[in-house]
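>>> fold the following for me, if possible:
(2 chains)
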Amino acid sequence: MKRTRLLAYYLLVAALLHGCGEEQVLEKLGLAVAVGYDQIGDGRLLGTTVFYQIDPEARQLVTVIAGTANTSKGLKITHNRESSKKIVGGQIRVAVYQDELARKGILPLVENLSRDASIGSNVYLTVAKGRASDILTHRYPETSNIGIYLYQAIRQNVNGENMISSKLHEFMKDYYAVGKDPVMPYIERVKNELHIDKIALFRDERLAGEISTREGFFLKILRERYNKGELEINLTVDNQRFFTVIEHISSKKQIKLLDLDKPRFSVKVKMTAQIQEMAEQIDLSKPEELHKVQKAIQLAVKKETEGLLEKLRKHQVDPVGFGEIYNIARQKSGKKKLNRDECREAIKRTQFDVDVQVKILRTGVIG
Amino acid sequence: MGMSTISRHSHMFISVSLAMFIVHGNQVGIGIAGVQRFIYDRVQQDAWIAVIIAGLMTHVAAWVMLKILRKYKNLDLYDIHQMVFGKWPAKVLNLIFIIYIMGSALTILRGYIEIIQSWMFPEVPSWLLNASLLCLAIYGVTGGIRVLAGISFFSVGLTICQLLLMIYPAQYADFNLLQPVFHHDLVELLDGARKMSFSIIGFEIILFIYPFVKEKQLLSRYVHGGLLMTTLLYVVVMLVTLLYFQGEQLKHLIWATLMMMKIVEFPFLERFEFVSISLWMLIMLDNLLLNLWVAMRGVHHIGGFKERKALIGIVIVMFFASNFLETRQSINWITDVFGAVGFYIIFVYPLVLYIVILLFRKGTVQT
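Below is the predicted model:
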């Protein structure tokens, strides 16, 4: 009996005490879905927030506000001053950084997102050509919520493996790696359309260059395991140049350091794919013809991979993580671990032996 | 010889298999939320090896404890002290144990409240959460050892459910991060294992539940089973943490495990970490209750107070002590102190006690 009374006391106390918690009424909140950061004049930040409001009387469900401050948390305060709703960050899905700002370094801004317990690790980070506020405040005739649109566009491409993923966690992980650099999608507004057709390369926290999404494909197969996706290739078979599309590509990479003193890497890529489209009439049911095509694809992929590696070296960025592999090999041979600058310096003039193997599994439903 | 005055009716006994859950449940608490960085600090990528070493140490220590308990048929540590050292030295030793046990209960309570404040409700004052958790503790502890065993059972089930969520961060694994393996010597690894000790102690509970266990001859297999479960759990969590975070990142993460939960996303439930933190209460609740139960028995033993009065007294002390620890620094400090003290009390002291018993009390095998 005593215990029942005790339980009753406990429940009473608990019920009374928990009224003291902070209430979050949905109608009084603005749910931020996208944030943009720009740099203006005297080192101040211009922040743009796209947020949802749940208000039956509002004509527009999606609202965009902008304000300036010196820090990103300062922006939150400015934004709240301008808004009738309390803006909360729990639903942020995309963060957009102006390219000018990214060239100066965005680590404090990104770190702030990751420090905030209310913001998840699944936020996509992107770089904008020009001002982020131009992208977020523009009225697009075809979409009502640019934040969600942007999120879905990036996610769709990442899931289809046409774009390298740059979630908040992945950016931080690459940034903190010694001998590896982060990348992000590079978005651009052309009139009423958003284009995601470039990839921004970072050197540590700074934007250092860009590559096309086509080059991004080759970067992706060097960075991670690749499972689906497609590629259009220009082939030369028997002195004929034509295009083909390979699909359902799956690839594995193997990167090894061959020489520690004069850094030389062996980069092996094993790829299987399916031919989907041929602009030329070639009888693929004949093994020797298929073999020729396979060879030609191999050559084309190898050439483009080498081109990409050359470009990365020119920009002095290392999104593949050669530095990391170099550092591990160094430690295994009993030398001390390099820091990030030493590591970048060490692999500056490195050589790559690229070897690509392509296996065509199927040729669609016709031979 | 002053035997414990509590009467031991059959309804106060627990089945021996529950000892496994009590041991595991009392080992896994607040430590698993963020112990990783302390071990990483010592042995970097070899942290998982240090975890295995710490696990082996628990088996050795538990083996010694069981040896001691077997010498005296039906006594707990408080009684054994009295048998071995006589009345007054035993009171001093028991008091040290009570203070230590209360201290670890305090770190658990304060640690969990800090998680709630940092992650979910920054504005809720500590005393409020203290009061509601301690009220719950009074209710639970007065239920006796069988209720505590039941809570431990559910706590273990919940721990395993949370372990399954590690699949999400494991998808971002980068196996280069474990390289080079075995890069630290044994001294460093042992140092890392010692850092682990705060998170892996708790199995000393067997010294106190021993008189309440039915079928004592089977106890050792269940105790070692519980210890093995804990070690495996920690190894998995440590490995996933090492693969998911860069070392530099991990060094700054107060709650690495919770940070990993940030990546978990269900279609119907984004931001699963908030659910996870709430469920964490049950994982740490059994630690709190078991520690308070042990302290209560101790105060009852040395002071001769009634158990319920002893419990109320302890809870009042805990409440004020916990409110005293307000900042991150003070919480870190108490965690460090009890982590260091705990290592000697749990891993070293039983061995000393066993040697003393072997050398000086050869005859006193029977009660």
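>>> chain B contacts on chain A?
A:2-3, A:6-7, A:9-10, A:13-14, A:17-18, A:20-22, A:90-91, A:117, A:120-122, A:167, A:169-170, A:172-173, A:176-178, A:321, A:324-325, A:328, A:331-332 (Cβ under 8 Å from any Cβ of the partner chain). Where C-beta positions appear, they are placed from N, C-alpha and C, glycine not excepted.
>>> take those and keep only those in helices.
A:2-3, A:6-7, A:9-10, A:13-14, A:17, A:169-170, A:172-173, A:176, A:324-325, A:328, A:331-332 (DSSP state H).
>>> just the buried ones from those residues?
For these, a burial check counting by 16 or more other Cβ atoms under 10 Å in any protein chain shown picks out A:6, A:10, A:17, A:169-170, A:172-173, A:176, A:324-325, A:328, A:331.
>>> of those, the lowest pLDDT goes to which?
Here the lowest pLDDT out of these sits on residue A:17, with 68.
>>> residue A:55: how many residues sit nearby?
Other residues near residue A:55 come to 16 when the count uses other Cβ atoms under 10 Å in any protein chain shown.
>>> equivalent analysis for residue B:355, please.
So residue B:355, with other Cβ under 10 Å, has 11 neighbours.
>>> name the element it belongs to?
helix B:349-360 (DSSP states H and E).
>>> and the contacts of the lowest-mean-pLDDT helix or strand in chain B?
Least confident helix or strand, chain B: helix B:328-342 with a mean of 85, by mean pLDDT, DSSP states H and E. Under the contact criterion Cβ atoms under 8 Å, 6 or more residues apart in numbering or on different chains, helix B:328-342 has outside partners B:100, B:103-104, B:106-107, B:110-111, B:114, B:195, B:197-198, B:201, B:254, B:324-325.
>>> now the longest strand seen in chain A, how far from the centre of its chain.
When chain A is parsed with DSSP state E, its longest strand is strand A:240-259. Mean-position distance between strand A:240-259 and its chain equals 21 Å (Cα atoms, centre = their mean, to the nearest Å).
>>> ditto for stretch A:2-10
55 Å.
>>> got a list of what the residue in chain B sticking out farthest from the centre touches?
Computed with Cα atoms, centre = their mean, the residue of chain B farthest from its C-alpha average is residue B:267, at 34.7 Å. By Cβ under 8 Å, 6+ apart, residue B:267 lies in contact with nothing.
>>> up against chain A, what does chain B have?
B:118-121, B:123-125, B:128, B:131-132, B:135-136, B:138-139, B:142-143, B:172, B:174, B:176, B:179-180, B:183, B:244-249, B:259, B:262-263, B:265, B:270-271, B:273.
>>> in ChimeraX, select just the buried ones from the residues you listed.
The buried subset of the residues of chain B next to chain A, as determined by 16+ other Cβ under 10 Å, is captured in ChimeraX by this line:
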select /B:119,120,124,131,132,135,136,138,139,142,143,172,174,176,179,180,183,244,245,246,247,249,259,262,263,271,273
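>>> can you name every helix or strand that the helix holding residue B:355 contacts?
Applying 3 or more Cβ pairs under 8 Å, 6 or more residues apart in numbering or on different chains; DSSP states H and E, one finds that helix B:349-360 contacts helix B:47-71, helix B:77-85.
>>> least reliable of those going by mean pLDDT?
helix B:77-85 (a mean of 89).
>>> quick one, it and helix B:47-71 angle?
Relative orientation of helix B:77-85 versus helix B:47-71 (axes from the mean of the first three to the mean of the last three Cα atoms, to 10 degrees): 60 degrees.
>>> buried ones in the helix or strand immediately after helix B:77-85 in the chain?
Next helix or strand after helix B:77-85 toward the C-terminus (DSSP H and E): helix B:87-119. Neighbour-count burial for helix B:87-119, with 16+ other Cβ under 10 Å as criterion, is recorded at B:90-91, B:93-94, B:97-98, B:100-117, B:119.
>>> could you give me the average pLDDT of whichever helix in chain A runs longest?
Ranked by residue count under DSSP H, the longest helix found in chain A is helix A:287-315. The pLDDT scores in helix A:287-315 average 88.
>>> got the angle between that helix and helix A:322-332?
Going by the same axes, to 10 degrees, helix A:287-315 makes 80 degrees with helix A:322-332.
>>> I appreciate the help and will end here.
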